[in-house]
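Participant: please work out how this folds:
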Amino acid sequence: MTTNANPAALTDKELDETVSYDPDRLLDALIEKFQLKNDAALSRKLSVAPPVISKIRHRRLPVGASMLLRMHEESELTIAELRALLGDRRKKFRISDKQFKPKQD
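Facilitator: Numbers count the residues shown, from 1 in each chain. Below is the predicted model of the structure:
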């Protein structure tokens with residue numbers, strides 16, 4: 001893969017080659033896109049507490065659906081683009097069958 005100074009400007013081919021889960025790549029791309037100085041500024045931009053960004057960066061908290069939606073709303077990047085930067089290549093999402101079973105009394 002060609003190294004690119006701007007992670008948000010990776011080509012589709014480069015994104016396809018970048019397959020490992022890496023929240024740093026996503027967070028760094030957003031910081032660059034918004035022209036922010038650090039994670040604290042990103043947390044303010046996304047209206048989340050600073051520890052949330054820290055936990056994501058240190059892989060103690062996954063990037064969930066609500067966070068992806070928040071990033072999409074602020075950045076105008078598509079969910080697919082955000083997921084690609086994150087390294088999420090799943091084509092389909094599976095929902096546990098336990099979520100749809102009726103509760104037994």
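Participant: when you work out contacts or count neighbours from here on, use the C-alpha atoms and nothing else.
Facilitator: Fine.
Participant: which residues touch L69?
Facilitator: I79 (C-alpha atoms under 8 Å, 6 or more residues apart in numbering).
Participant: what's the spacing between it and S75?
Facilitator: Summarising the geometry, the distance separating L69 from S75, computed by C-alpha to C-alpha, to the nearest Å, is 10 Å.
Participant: give the next helix or strand downstream of the helix or strand bottoming out on mean pLDDT in the chain.
Facilitator: Within the chain, judged by mean pLDDT, DSSP states H and E, the helix or strand with the poorest mean is helix 12-17; its value is a mean of 53. Counting by DSSP states H and E, the element after helix 12-17 in chain order, helix or strand, is helix 23-34.
Participant: so for that next one, mean pLDDT?
Facilitator: The predicted model assigns helix 23-34 a mean pLDDT of 96.
Participant: elements contacting that helix?
Facilitator: Contacting helix 23-34 under the criterion 3 or more C-alpha pairs under 8 Å, 6 or more residues apart in numbering; DSSP states H and E are the following elements: helix 39-46, helix 50-57, helix 65-75, helix 79-86.
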